[in-house]
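Enquirer: give me a model of this one.
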Amino acid sequence: MEQHRAGAVEAHTRNYGIHTLVWFEVHETLNDALQRERQIKRWRRAWKHALIAEHNPHWRDLCDQVPL
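Expert: Numbers count the residues shown, from 1 in each chain. Now for the predicted structure:
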């Protein structure tokens, strides 16, 4: 996460200047996580915003809550 914040990762986060984690999910397996990611990628932006607002209404940074 520190690399993402510093812009050191060649990815979506760097290209779009994203530095705040406002939502995440924990899954049992990598396959479950990838399946969920594919599902959410097909959603409309409004649905994604609603998902974030449901769990993080003030859009606070959640980096300190990510389980290690």
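Enquirer: which residues touch Gly17?
Expert: Gly17 makes contact with Gly7, according to C-beta atoms under 8 Å, 6 or more residues apart in numbering. The way it works is simple: take the backbone N, C-alpha and C, and place the C-beta from them, glycine included.
Enquirer: and it, which of the three is it?
Expert: State at Gly17, reduced to three classes by DSSP: H, G, I helix; E, B strand; the rest coil: coil.
Enquirer: and it, how far from Arg5?
Expert: With distances taken as C-beta to C-beta, to the nearest Å, Gly17 is found 11 Å from Arg5.
Enquirer: okay, now Trp23: neighbour count?
Expert: By other C-beta atoms under 10 Å, 15 other residues sit near Trp23.
Enquirer: any idea of the pLDDT on it?
Expert: What the model reports for Trp23 is a pLDDT of 95.
Enquirer: list the buried residues for stretch 7-14?
Expert: Of all the residues in stretch 7-14, those buried under the rule 16 or more other C-beta atoms under 10 Å are Thr13.
Enquirer: end-to-end on that stretch?
Expert: This stretch, stretch 7-14, spans 5 Å end to end (C-alpha to C-alpha, to the nearest Å).
Enquirer: do stretch 1-20 as well
Expert: Its start and end residues considered, stretch 1-20 measures 9 Å (C-alpha to C-alpha).
Enquirer: stretch 60-68 too?
Expert: 19 Å.
Enquirer: got a list of contacts for it?
Expert: By C-beta under 8 Å, 6+ apart, the surrounding residues in contact with stretch 60-68 are Met1, Thr20, Leu21, Val22, Trp23, Phe24, Val26, Asn56.
Enquirer: ok, of the residues you listed, which come out buried?
Expert: Leu21, Val22, Asn56.
Enquirer: ok, the last one touching Val22?
Expert: Spelled out, it's Asn56. Yes - when contacts are counted by C-beta atoms under 8 Å, Asn56 is listed as touching Val22 (5.4 Å).
Enquirer: where exactly do the helices run in the chain?
Expert: Under the criterion DSSP state H, helices of the chain are mapped to 2-6, 12-15, 30-41, 45-55.
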